[in-house]
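Trainee: Sequence plus the predicted model coming up.
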Amino acid sequence: MTEIRLTNTKSRRKEAFEPIDRKNVRLYVCGPTVYDRAHLGNGRPVVVFDVLFRLLRHVYGEGHVTYVRNFTDVDDKINAAALARKDAGDPRSLEALIRERTDETIRWYHEDMDALGALRPTHEPRATEWIGAMIAMIEDLIAKGHAYEREGHVLFRVRSYRDYGALSGRSVDDMIAGARVEVAPFKEDPMDFVLWKPSDDELPGWDSPWGRGRPGWHIECSAMSYELLGATFDIHAGGIDLQFPHHENEIAQSCCAHPEGGFARVWMHNEMLLVDGRKMSKSLGNFFTVRDLLDQGWPGEVIRMVYLGTHYGRPMDWTAEKAEQAKTTLRNWAEMVEGAAPGEVRAEVVDPLSDDLNTAGALAALSDLYKRKDAAGLLGSAHLLGVDLQAIRHQPWARPYAFEELDGRFLREGIDYQPTVGVIGWGEITDQARETSIGLLHRWLALRRAGDFETADRLKTDAMRLGVELRAQKSPNGVTGGLAKLADRVDVSALEGLL
Ligand SMILES: Nc1ncnc2c1ncn2[C@@H]1O[C@H](COP(=O)(O)OP(=O)(O)OP(=O)(O)O)[C@@H](O)[C@H]1O
Ligand SMILES: [Zn+2]
């Protein structure tokens, strides 16, 4: 059986992965807080851990992997968004506004992540459906001396858990010094964090032994992972920005409530997607959404390929060059697999993936299969990375077009040489774009035939700038015709200006 090796944040080492139960490999990934469209940074863990999910299914069998990713649908940012709507005059109740917002955001999330080729996890629990489990866990923590109630709040007593900070390798005192911890009069210690907080009549709340209130964020993941995966499971993952405090707090809660379990064995963290060297984030306002890119015409498969081009443990950014390159690659691959049946996933693709999810290495291996013309291997192996080349082939952006027509009559010494002019490109072409391109070719060829190479070259440069590459093309009998290669997006009216 393939050996998977994963970098475990907890040990800071690459370790051989051995599941607790090969018949049920269990993975938990922290999901989104649902109040807004996912930005491109939020999409990164989705794609990275989708590849992990696919790899685990490949190695242990499709039915032997359970993947849980939650929706945080109770949160102060959600409340604030709904309150803003109400203040703006929406007559509906806050509860109805929140429900509408979270339902809508979940729908968007599914649409956008589906477009990136991510499989739906086995379970996608909504936090609001597991409040009972959270209350039970908090009661247990209080009973065991790890939590206390003050003024309707319940707080976790950080100093009661000896190993706090082990995941990030820092001591509690270092963390206090480095973190912006909220100091509140009701805390025994500034490091203590909220498990439960009171809700006034306005805000969403649930009855609890501590009055009407709502859970803190960290307890959600501890309670839902326990309910769906048990006190111990294989892999817990999320972005590196969640390592502290979110994951330290999850560990503290889960290990204190269920000391017999030990919580997650392996911790994995994806590095950040950056914009000008800084984390893409809502709070910095330097973000664009996955939907923005899709609306601009970038296919989801192309966006996925851009993510896969960088190892999850390294920061990355988005550039149009990377995306253009990925698009060309996918077009070439899809063209080659036309008519092929998917073959076995090739070992040379599984190997880098098994080595700590080296997706860039796996893409390089796919390129080798392409160069070797192993269409069956390429088609089958690309599937493991969540890239469906057959489906891509049917999409307009991956379908080539080509037109050719005679370049009028070209008589020389009584012989009709019949050179041609043609247009090629990808996707769909309008009649106007085709006619303008042909017109340009006629003009360009006429200039060349008349010996005015200077003007011809200038025209070629101008056309290139507008997305049209003019190429000379020898006809079978030796007279030069022309071919215009169009970029995906061509500004036709600007092009007409060159005629
Ligand atoms: N720039 C980024 N690059 C990679 N992953 C990110 C980035 N920003 C957030 N994530 C990840 O996205 C997932 C969803 O997180 P969440 O919904 O809490 O994001 P958020 O807090 O709304 O985003 P932001 O950090 O922009 O406020 C988490 O796993 C988080 O680590
Ligand atoms: Zn979490």
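Mentor: Right, received. Where do you want to start? Ligands and ions are numbered 1, 2, ... in the order given.
Trainee: Does W444 touch L459 like I think?
Mentor: Yes. Between W444 and L459 there is a contact under C-beta atoms under 8 Å: 5.4 Å. For glycine as for every other residue, the C-beta is placed from the backbone atoms N, C-alpha and C.
Trainee: and for the two, which residues touch both?
Mentor: L470 (C-beta atoms under 8 Å, 6 or more residues apart in numbering).
Trainee: Settle it for me: which of these two has more neighbours?
Mentor: It is W444, of W444 and L459, that has more neighbours when counted by other C-beta atoms under 10 Å, with 23 against 19.
Trainee: Please list the residues outside the helix or strand hosting the more buried one that contact it.
Mentor: According to DSSP states H and E, W444 maps onto helix 431-449. The set of residues external to helix 431-449 that reach it, using C-beta under 8 Å, 6+ apart, is 403, 405, 407-408, 419, 421, 423, 453, 455-456, 459-460, 463, 468, 470, 472, 480-484, 486, 490, 492, 495-496, 498-499.
Trainee: Mind doing that once more with 6 Å?
Mentor: 421, 423, 455-456, 459, 463, 468, 470, 482, 484, 490, 492, 495-496, 499 (C-beta atoms under 6 Å, 6 or more residues apart in numbering).
Trainee: Select from the residues you listed every entry located in helices.
Mentor: Using DSSP state H, the members of the contacts of helix 431-449 that fall in helices are 455-456, 459, 463, 492, 495-496.
Trainee: Name the residues of stretch 458-472 that are buried.
Mentor: Of the residues in stretch 458-472, 459-460, 462-463, 466-468, 470 count as buried by neighbour count, 16 or more other C-beta atoms under 10 Å.
Trainee: which among the residues you listed gets closest to Q296?
Mentor: Nearest to Q296 among the buried residues of stretch 458-472: G467, at 15.7 Å, using C-beta to C-beta.
Trainee: ok, now how distant is the residue lying closest to that closest one once chain neighbours are set aside from I392?
Mentor: Leaving out its chain neighbours, the residue that sits closest to G467 by C-beta to C-beta, 6 or more residues apart in numbering is A487, at 3.4 Å. As judged by C-beta to C-beta, to the nearest Å, A487 and I392 stand 19 Å apart.
Trainee: Spell out which helix or strand contains Y370, please.
Mentor: helix 359-371.
Trainee: Would you mind telling me which of A487 and I392 has more residues around it?
Mentor: The neighbour count for A487 versus I392, taken as other C-beta under 10 Å, is higher for I392 (21 against 14).
Trainee: phi, psi of the residue lying closest to V490 once chain neighbours are set aside?
Mentor: Of all residues not flanking V490 in the chain, G467 sits nearest, at 4.3 Å (C-beta to C-beta, 6+ apart). Here is the backbone geometry of G467 (degrees, to the nearest 10): phi 100, psi 10.
Trainee: repeat for A166
Mentor: phi -60, psi -30.
Trainee: near ligand 1, which residues of the stretch 101-250 of the chain?
Mentor: Taking C-beta under 6 Å from any ligand atom as the test, the list of the stretch 101-250 of the chain residues beside ligand 1 reads 238-239, 241-242.
Trainee: Looking at the residues you listed, which is nearest ligand 1?
Mentor: G239 (1.9 Å; C-beta to the nearest ligand atom).
Trainee: isn't that closest one right up against R44?
Mentor: No. Between G239 and R44 there is no contact under C-beta atoms under 6 Å: 7.3 Å.
Trainee: tell me, what's touching those two both at once?
Mentor: By C-beta under 6 Å, 6+ apart, the residues touching both G239 and R44 are N270.
Trainee: circling back: how close does the residue nearest to G467 sit to ligand 1?
Mentor: Plainly put, A487 is 30 Å away from ligand 1 if you go by C-beta to the nearest ligand atom, to the nearest Å.
Trainee: Tell me if I'm right that that residue and R465 touch.
Mentor: No. Using C-beta under 6 Å as the test, A487 is too far from R465 to be in contact (10.5 Å).
Trainee: neighbours of the residue of the stretch 1-150 of the chain at minimum distance from ligand 2, just the number please.
Mentor: Nearest residue of the stretch 1-150 of the chain to ligand 2: C30, at 3.3 Å (C-beta to the ion). Using other C-beta under 10 Å, C30 has 22 other residues around it.
Trainee: Now do the same contact list for I235.
Mentor: Neighbouring residues of I235 by C-beta under 6 Å, 6+ apart: 27, 266.
Trainee: Look up the residues forming beta bridges with it.
Mentor: Assessed by DSSP bridges, I235 has beta-bridge partners L27, V266.
Trainee: pretty sure S199 is touching R214, no?
Mentor: Yes. Counting by C-beta under 6 Å, S199 does reach R214; the two are 5.2 Å apart.
Trainee: neighbour-wise, which of those two wins?
Mentor: Neighbour totals were compared for S199 and R214, and R214 leads with 22 against 17 (other C-beta under 10 Å).
Trainee: Remind me which helix or strand the more buried one belongs to.
Mentor: Applying DSSP H and E, one finds R214 within strand 213-215.
Trainee: Tell me the helix or strand right after that strand.
Mentor: That would be, after strand 213-215 and using DSSP H and E, helix 217-229.
Trainee: Can you give the distance of the helix holding W444 from its chain's centre?
Mentor: Here helix 431-449 shows a centroid-to-chain-centroid distance of 42 Å under the convention C-alpha atoms, centre = their mean, to the nearest Å.
Trainee: okay, now the domains of the protein?
Mentor: Domain ranges of the chain: 5-270, 305-394, 403-497, per the TED database.
Trainee: what's the closest of those to T289?
Mentor: domain 5-270 (4.2 Å).
Trainee: pLDDT on the closest one, on average?
Mentor: Computed over domain 5-270, the mean pLDDT rounds to 95.
Trainee: Pull up the distance across that domain, start to finish.
Mentor: Counting by C-alpha to C-alpha, to the nearest Å, you get 16 Å between the two ends of domain 5-270.
Trainee: pretty sure G31 is in contact with N70, am I right?
Mentor: Yes. Counting by C-beta under 6 Å, G31 touches N70, with 4.4 Å between them.
Trainee: Spell out which parts of the stretch 1-150 of the chain neighbour ligand 2.
Mentor: Proximity of the stretch 1-150 of the chain to ligand 2, by C-beta under 5 Å from the ion, involves residues C30.
Trainee: ok, 8 Å please
Mentor: 28, 30-31, 70 (C-beta under 8 Å from the ion).
Trainee: From those, pick the one nearest ligand 1.
Mentor: Nearest member of those to ligand 1, counting by C-beta to the nearest ligand atom, is C30, at 5.0 Å.
Trainee: Next up, the contacts around that closest one.
Mentor: With C-beta under 6 Å, 6+ apart, C30 has these contacts: 221, 238, 242.
Trainee: how long is stretch 209-218 end to end?
Mentor: For stretch 209-218, the end-to-end distance is 19 Å (C-alpha to C-alpha).
Trainee: quick one, helices of the stretch 251-400 of the chain?
Mentor: Applying DSSP state H, counting those that start in this stretch to the stretch 251-400 of the chain gives helices spanning 290-295, 300-308, 320-336, 347-354, 359-371, 375-384, 389-393.
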